[in-house]
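In: I need the structure of the sequence given here:
(one chain, ligands or ions: 1)
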Amino acid sequence: MIRLLLVALSLCLCSAALAQSATERAFDAAIAQTEAALPQLGTETFGVDVTAYRDALSLRRFTSRQWGGEITVAVVSESRESGSCARYAAYVRLPPERGAVRLVLCPQFSTPGADDLRRLTILHEMVHVVAGSNECQAMAFAARIEQLATGSFTPVTRYWEANGCAGSGYALP
Ligand SMILES: [Zn+2]
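Out: As a prediction, the model looks like this:
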């Protein structure tokens, strides 16, 4: 009985650890691409403060012109597929409250495989964290980082069109 309980316990811990490491891999990969792109990003790209973006991604805190003052990034995992998690893999609650902005990772975020989508999701959501809710801005900035870091970017044509980004002033590489 004790042994069975221990086995069950270790399985639970194991799946939690897997989800955790998938998230860590996504952050590590997003950070690596951002660092690779950094020399060509300038101080501002598509209206995104590049220093704030890098700090938010790597340090989970940043000085914000957008929100004012020091902001921390709280990454939280939501286990229920309800509310915004019914529609998204991840989302950012805006504006920040009491100096913190919440990046919520939904169950869909932890879908097995999908490492590249997780990385792109982190690149994309971090734009919302530092610059606000504009989808076209977030997609353009994330694609720019991918392009600079790897020479190509994830095709997002359908999402781009669905959000009416053609006339937005933002552009894909
Ligand atoms: Zn978005």
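
In: C-alpha from now on. contacts and neighbour counts both.
Out: OK.

In: which sections of this protein are below the confidence cut-off?
Out: 1-19 (pLDDT under 70).

In: can you do 90?
Out: For the chain, residues meeting the criterion pLDDT under 90 lie at 1-21, 111-113.

In: Next up, the contacts around the residue nearest the centre of the chain.
Out: By Cα atoms, centre = their mean, the chain has its centre lying nearest to Ile122, at 1.9 Å. Listed by Cα atoms under 8 Å, 6 or more residues apart in numbering, the contact set of Ile122 reads 26-27, 30.

In: That one and Ser168: what is the separation?
Out: Going from Ile122 to Ser168 by Cα to Cα, to the nearest Å gives 22 Å.

In: And for Ser77, the neighbour number?
Out: Ser77 sits with 17 neighbouring residues when counted by other Cα atoms under 10 Å.

In: Could you pull up phi and psi at the closest residue to it other than its chain neighbours?
Out: Here the nearest residue to Ser77 in space, its sequence neighbours aside, is Leu105; by Cα to Cα, 6 or more residues apart in numbering that works out to 4.7 Å. Reported as degrees, to the nearest 10, the phi and psi values for Leu105 are phi -100, psi 120.

In: show me the contacts for Leu105.
Out: 75-78, 89-91.

In: ok, what's across the strand from it?
Out: Going by DSSP bridges, Leu105 is paired in beta bridges with Ser77, Ala90.

In: My guess is Pro43 contacts Ala52. True?
Out: Wrong residue type there; residue 43 is Thr, not Pro. No - judged on Cα atoms under 8 Å, Thr43 makes no contact with Ala52 at a distance of 9.5 Å.
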